[in-house]
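# The following block contains a protein sequence and its predicted model.
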Amino acid sequence: MENGRVISDLHCHILPGIDDGAKDAAVSEAILDAEARDGVTQILFTPHFYADHIEQDRFLRRRGRAFEKISQLCEERGIATALGAEVRIKEQLLGMDLSPLRMGDTEYLLLEWPFYGGYPLYGEEIVRNLLKAGIRPVFAHIERYEHLFLDEDRLRYFMDKGCIFQVNTATVLDPRTQKRLFELANKGFVHILCTDAHNMDSRPPKMGEALALLEKKTSREIAARILQNGDDLFHGRTVHVHDMPKKKKLFGLF
């Protein structure tokens, strides 16, 4: 907790040896130390799940074993934990029961759109199926998909159905993406901030630095609401995406 704020990281690849994230427990420990220094007290671990590469039961067993290797490290740092997955949208998901991959014991599931090949229409069907099953999709790092990041009509379409949008700390700090991200945050399209941390070299967490800049470039209210959303999601409370504050206009301009 930092200045009375609860800081949560709900998308990361800190579990050791399970995906392209931390290669071993030593790397995991270094990332956890960085998270703790930034005031993060709640982490939801989300290793990649590709339905065309691994069966769900086998993935869950591997995830459990990886978590066992660092659970004590989390306890020592006072970090509350939960398990989930970053589920890549694949046609194989159609007809699957994805409830075991939810973000902890909540109604939310972290969903990753394909990076290449345009906008897959079966993605909409997967989203519809999840919503019918009572599962709310959390779109991982929306800044990585042009068909979402640059299309506010499409973002509004999914948000109105109950979907939640997450962005990465690296995007907040990247001059190439900052302007657009802050525009979306000011308009209420950014709901969750996470690190998507993989290591301490090319993809470190940097939660504290990103939060400070987000607050400076948008508003204290927006940053506070994003933090509250993270805490609400971690504990399974309802995230009200339409309640996001907007930055006040000055003479009709942002």
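Structure received. Numbers count the residues shown, from 1 in each chain.

# what stretches of the protein score poorly on pLDDT?
The chain contains residues with pLDDT under 70 at 1-4, 247-254.

# Tell me which stretches of this structure form helices.
Using DSSP state H, the helices of the chain run over 25-37, 56-68, 71-76, 121-132, 146-149, 152-160, 169-173, 178-186, 207-217, 220-234.

# so can I have CSV of the ones you listed showing distance to Asp243 and mean neighbour count?
Any C-beta I mention is one placed from the backbone N, CA and C, and that applies to glycine too. Output for those, formatted as CSV (distance: least, C-beta to C-beta, whole Å; neighbours: other C-beta atoms under 10 Å):
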stretch, distance to Asp243, mean neighbour count
helix 25-37, 27, 19
helix 56-68, 33, 15
helix 71-76, 31, 13
helix 121-132, 19, 15
helix 146-149, 21, 17
helix 152-160, 12, 15
helix 169-173, 21, 21
helix 178-186, 14, 18
helix 207-217, 18, 18
helix 220-234, 7, 20
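
# Any idea which of these gets closest to Leu10?
When those are compared by C-beta to C-beta, helix 220-234 sits nearest Leu10, at 5.9 Å.

# Show me what that closest one is packed against.
When contacts are defined as 3 or more C-beta pairs under 8 Å, 6 or more residues apart in numbering; DSSP states H and E, helix 220-234 packs onto strand 7-9, strand 40-45, helix 178-186, strand 192-194, helix 207-217.

# Contacts for the fourth one next, please.
Applying C-beta atoms under 8 Å, 6 or more residues apart in numbering, the external contacts of strand 192-194 come out as 9-12, 138, 164-169, 172, 207, 210-211, 214, 226-227, 229-230, 233, 239.

# Please render the helices of the chain as CSV that adds distance to Ile192 to the earlier fields.
Conversion of these to CSV gives the following (distance: least, C-beta to C-beta, whole Å):
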stretch, distance to Ile192
helix 25-37, 16
helix 56-68, 21
helix 71-76, 20
helix 121-132, 17
helix 146-149, 14
helix 152-160, 13
helix 169-173, 11
helix 178-186, 11
helix 207-217, 12
helix 220-234, 6
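
# and Gly84, which of these is closest to it?
Evaluated over the helices of the chain, closeness to Gly84 peaks at helix 56-68, with 9.1 Å, by C-beta to C-beta.

# ok and that closest one relative to strand 40-45, angle-wise?
150 degrees (axes from the mean of the first three to the mean of the last three C-alpha atoms, to 10 degrees).

# can you tell me which residues contact Arg77?
For Arg77, the contacting residues are 32-33, 35-36, by C-beta under 8 Å, 6+ apart.

# can you give me how far stretch 42-59 is from the chain middle?
On the basis of C-alpha atoms, centre = their mean, to the nearest Å, stretch 42-59 sits 14 Å off its chain's mean C-alpha point.

# Ok, stretch 98-115 next?
In terms of C-alpha atoms, centre = their mean, the centre of stretch 98-115 is set 10 Å apart from its chain centre.

# just stretch 62-80 next, same as before
For stretch 62-80, the distance to the chain centre is 19 Å (C-alpha atoms, centre = their mean).

# same deal with stretch 115-122?
Worked out by C-alpha atoms, centre = their mean, stretch 115-122 lies 20 Å from the chain centre.

# how long is that stretch from one end to the other?
End-to-end distance for stretch 115-122, by C-alpha to C-alpha, to the nearest Å: 15 Å.

# buried sites along that stretch?
Within stretch 115-122, no residue is scored as buried using 16 or more other C-beta atoms under 10 Å.

# circling back to that earlier point, how about the helices and strands packed on helix 220-234, which one is nearest Leu83?
Smallest distance to Leu83 across the helices and strands packed on helix 220-234 (C-beta to C-beta): 5.5 Å, for strand 40-45.

# sorry, back to before: nearest approach to Lys246 belongs to which of the helices of the chain?
helix 178-186 (6.3 Å).
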